[in-house]
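In: coords please:
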Amino acid sequence: MPAAVSWPHRFPARVYFEDTDAGGIAYHATYLRWAERGRTESLRAIDLPHQLMIQRYGSMLVVRRVEVEYVAPARLDDALVVETRVHRLRGASVDLGQDIVAEDGGMRARLKVGLVCVKADGMRPVAIPPPWHAALRAALEQASG
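Out: Numbers count the residues shown, from 1 in each chain. Reported below is the predicted structural model:
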């Protein structure tokens, strides 16, 4: 049974030197890494990590599309939070919203991410396995309730 999690899921991040350009501003691609970590940790928080899906079902969630709106720069040493929400759930896919915000609440970036579940061998779309689908459905219902 998946662990109960309050949604949106919140994952802390920090801007390190390696994440920035010479001016101490986070590179645009760094936001994608933070978002990926936030998604990964949201599954781990419900006791349904990616690796378990691969082991038990031979399938995995992969990014089909991503849209990023950069609102304000994240700077060296900023403490951030990646907030992950479920926006839409279908049989083989899930749409997420992810906000990257500063500790003070200031928006840094907003992402729309479309994931699709595929078989590990052949990368063909398949239904999201029942435990993940149920947990994502609960997250979606929590957001709309």
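
In: now the residue nearest the centre of the chain: closest residue in space, sequence neighbours ignored.
Out: What sits nearest the mean C-alpha location of the chain, by CA atoms, centre = their mean, is R39, with 2.5 Å. Spatial nearest neighbour of R39, excluding adjacent residues (CB to CB, 6 or more residues apart in numbering): T84 at 6.0 Å. Every C-beta, even on glycine, is put in place using the N, C-alpha and C of the backbone.

In: could you check how far the one you found is from A22?
Out: Computed as CB to CB, to the nearest Å, the T84 to A22 distance reads 31 Å.

In: quick check: which element contains the residue nearest to the centre of the chain?
Out: Using DSSP states H and E, R39 sits in helix 28-45.

In: quick one: contacts for L89?
Out: Contacts here follow CB atoms under 8 Å, 6 or more residues apart in numbering; on that basis L89 touches D95, I128, H133, L136, R137, L140.

In: which non-adjacent residue is nearest G97?
Out: Closest residue to G97 apart from its sequence neighbours, by CB to CB, 6+ apart: R85 at 4.6 Å.

In: relative to I46, which of the contacts of L89 is nearest.
Out: Nearest to I46 out of those is L136 (CB to CB; 8.8 Å).

In: what's next to the one helix or strand the closest one maps to, contact-wise?
Out: Element membership for L136, per DSSP H and E: helix 130-144. Outside helix 130-144, the residues that touch it by CB under 8 Å, 6+ apart are 2, 5-9, 43, 46, 48, 53, 61, 85-89, 91, 94, 117, 127-128.
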